[in-house]
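Asker: Okay, sequence plus prediction incoming.
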Amino acid sequence: MLIDPLSITFAAMADPTRRAILARLSKGEAAVKELAMPFNITLPAISKHLKVLQKAGLIERSRDAQFRPCKLRAKPLKEAASWIDRYRTFWEESLDRLAEYLHELQTQEKSNDHKE
């Protein structure tokens, strides 16, 4: 069964550890040990998270002698943001309509209170 790239991106970002790794990599490339420092998990566990992120195309890993830096790849994140952005307009317009409706109800309620 084929899974679309957007689903793979969202699945990879579903884990808070992987989101934290992406946040760190947004500041620049880092070695695996450096990425593991803030977490109370083993290096093999961090490596598994990195493999998920790499499979999703969210990071790139290279080798420079013993140094294995990771860096962020922005394209899948941009595609996810674009998908989400399509719905932002819908929700903003819906919330604006709800705010207008609530304002009308409050105005009517005040009007009814003054009549009594």
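Answerer: Structure received.
Asker: can you count the residues close to residue 8?
Answerer: 16 (other Cβ atoms under 10 Å). Heads up, the C-betas are built off the backbone N, CA and C, glycines and all.
Asker: how about it, what does it touch?
Answerer: By Cβ atoms under 8 Å, 6 or more residues apart in numbering, the contact list for residue 8 reads 55-57, 76.
Asker: per-residue confidence averaged over the strand or helix carrying residue 107?
Answerer: Residue 107 is located in helix 75-115, with elements delineated by DSSP states H and E. For helix 75-115, mean pLDDT is 87.
Asker: Off-centre distance for that helix?
Answerer: Put simply, helix 75-115 sits 23 Å off its chain's centre (Cα atoms, centre = their mean, to the nearest Å).
Asker: Which elements pack onto that helix?
Answerer: Applying 3 or more Cβ pairs under 8 Å, 6 or more residues apart in numbering; DSSP states H and E, we find helix 75-115 packed against helix 5-13.
Asker: Report the central residue of this protein.
Answerer: In the chain, the residue lying closest to the centroid (Cα atoms, centre = their mean) is residue 13, at 5.8 Å.
Asker: With residue 104 as the reference, measure out to that residue.
Answerer: Here the criterion is Cβ to Cβ, to the nearest Å. By it, residue 13 lies 39 Å from residue 104.
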